[in-house]
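Peer 1: Let me see the structure of the following:
(chains A and B)
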Amino acid sequence: MHTLLVLARWEGLILLGGLFGIILWKLLTGGISLSYLLDGDVRDPDSSTGFSTHASAGRTQALMVTLFVAGYYLLQVIHNPKELPQLPAQMVAALGGSHALYLGGKARAILTGR
Amino acid sequence: MKTVEFLMLVILSVVTVFAIALWVPGPPMEKVKLALAYGGLVLLFLFGFLVLAAIASNKINISQLLEEKGTGGASMGRFQLLIFTFVIGLSFFLVVLCECKMPQIPTNVLALLGVSATTYGVGKGIQATTKDGGGGGQAGGGDNAQHD
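Peer 2: Numbering: from 1, shown residues only, chains lettered A, B, ... in the order given. You can find the predicted model right below:
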């Protein structure tokens, strides 16, 4: 039964690590495109399509907060892999606020223009 | 996945089951348990490996994983959902590896995933609302397109 457990661990590690590795590799090599990730659309009557693209502060701050929270959580797990760590409620609230800001800005830009 | 490949997976798993059942010593019930467990393990591994190989060789195309439909631009909602799914999935797996048991998932982590998925959903909603209004941005190379 011990061999079965070891095999199951290795299997999970190979499959999960393989999936993460492939997606990371595709992200880094452009196989999965990240272009225009920080660009947002704004209603623009002068444009032929009715919208124009601009660098979005809302997207930038949402990306930074997301990366910070994800990195923090991963570090907590690496320090103590015995249990899933609790996230401070303030951090979840900050993430929610950040995403609300991004969505609010997006809605405002698209529906009413800058 | 082709039917031939799938059949080979099943045949390999069945062969493993029989090999374990015939050659491993022990009481019959223990042998049955071990045979089924090893068979399932082999089937799962081969199936997962085939899927991963297909993704790596682009037989399964995930190039538009982060793209909004009809645009050339990446979606922030999808990207952050991908990051949190990976981080929490990896954390869950690490804890299972270390403790050999299913961990309790803290409510804050569920809230985190909820915030992430809600952002994606609301972003899609805003975009759909704009499309109804006949809009369409020029992002992604000038197509009638908008970013999520």
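Peer 1: mind listing what the residue nearest to A:V42 when sequence neighbours are not counted touches?
Peer 2: The shortest distance from A:V42 to any non-neighbouring residue, by Cβ to Cβ, 6 or more residues apart in numbering or on different chains, is to A:A109 (4.5 Å). Using the backbone N, CA and C atoms, a C-beta is placed for each residue, glycine as well. Contacts here follow Cβ atoms under 8 Å, 6 or more residues apart in numbering or on different chains; on that basis A:A109 touches A:G40, A:D41, A:V42, A:R43, A:S56.
Peer 1: which strands and helices sit next to the helix or strand harbouring B:G114?
Peer 2: Per DSSP states H and E, B:G114 falls inside helix B:107-132. If you count contacts as 3 or more Cβ pairs under 8 Å, 6 or more residues apart in numbering or on different chains; DSSP states H and E, helix B:107-132 packs onto helix A:57-79, helix A:89-112, helix B:76-99.
Peer 1: What residues of the first one count as buried?
Peer 2: By neighbour count on 16 or more other Cβ atoms under 10 Å in any protein chain shown, the buried set for helix A:57-79 is A:G58, A:R59, A:A62, A:L63, A:V65, A:T66, A:V69, A:A70, A:Y73, A:L74, A:V77.
Peer 1: Now do it: distance to the chain's middle.
Peer 2: Its chain's C-alpha centre and that of helix A:57-79 lie 8 Å apart, by Cα atoms, centre = their mean, to the nearest Å.
Peer 1: so it versus helix A:89-112, what angle?
Peer 2: 160 degrees (axes from the mean of the first three to the mean of the last three Cα atoms, to 10 degrees).
Peer 1: Tell me how many other residues surround the nearest residue to B:G123 once chain neighbours are set aside.
Peer 2: Excluding its sequence neighbours, the residue lying closest to B:G123 (Cβ to Cβ, 6+ apart) is B:G77, at 4.1 Å. Counted by other Cβ atoms under 10 Å in any protein chain shown, the residues lying close to B:G77 total 29.
Peer 1: follow-up on the earlier one: could I get the helices and strands packed on helix B:107-132 as CSV with mean pLDDT and distance to B:E67?
Peer 2: CSV is the format used below for the helices and strands packed on helix B:107-132 (pLDDT from 0 to 100; distance: least, Cβ to Cβ, whole Å):
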stretch, mean pLDDT, distance to B:E67
helix A:57-79, 92, 15
helix A:89-112, 88, 17
helix B:76-99, 90, 8
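Peer 1: And the chain, what are its domain boundaries?
Peer 2: All of this is about chain A. Using automatic domain parsing, the domain parsing of chain A gives A:1-34, A:36-114.
Peer 1: that's the wrong chain, I wanted chain B
Peer 2: B:3-56, B:64-148.
Peer 1: mean pLDDT lowest for which of those domains?
Peer 2: Lowest mean pLDDT within the domains of chain B: domain B:64-148, a mean of 78.
Peer 1: Report the outermost residue of chain B with respect to its centre.
Peer 2: B:P27 (37.9 Å; Cα atoms, centre = their mean).
Peer 1: Pretty sure B:M102 sits against A:L84.
Peer 2: No. Assessed by Cβ atoms under 8 Å, B:M102 is found out of contact with A:L84, at 10.5 Å.
Peer 1: more crowded one of the two?
Peer 2: Ranked by neighbour count (other Cβ under 10 Å), B:M102 and A:L84 place A:L84 first, with 21 against 9.
Peer 1: and the residue nearest to the spatial centre of chain A, how far is that from A:V77?
Peer 2: Among the residues of chain A, A:T66 comes closest to the average C-alpha position under Cα atoms, centre = their mean, at 5.6 Å. With distances taken as Cβ to Cβ, to the nearest Å, A:T66 is found 17 Å from A:V77.
Peer 1: now the longest helix along chain A: how far from the chain's centre is it?
Peer 2: Longest helix in chain A, counting residues (DSSP state H): helix A:2-29. Mean-position distance between helix A:2-29 and its chain equals 21 Å (Cα atoms, centre = their mean).
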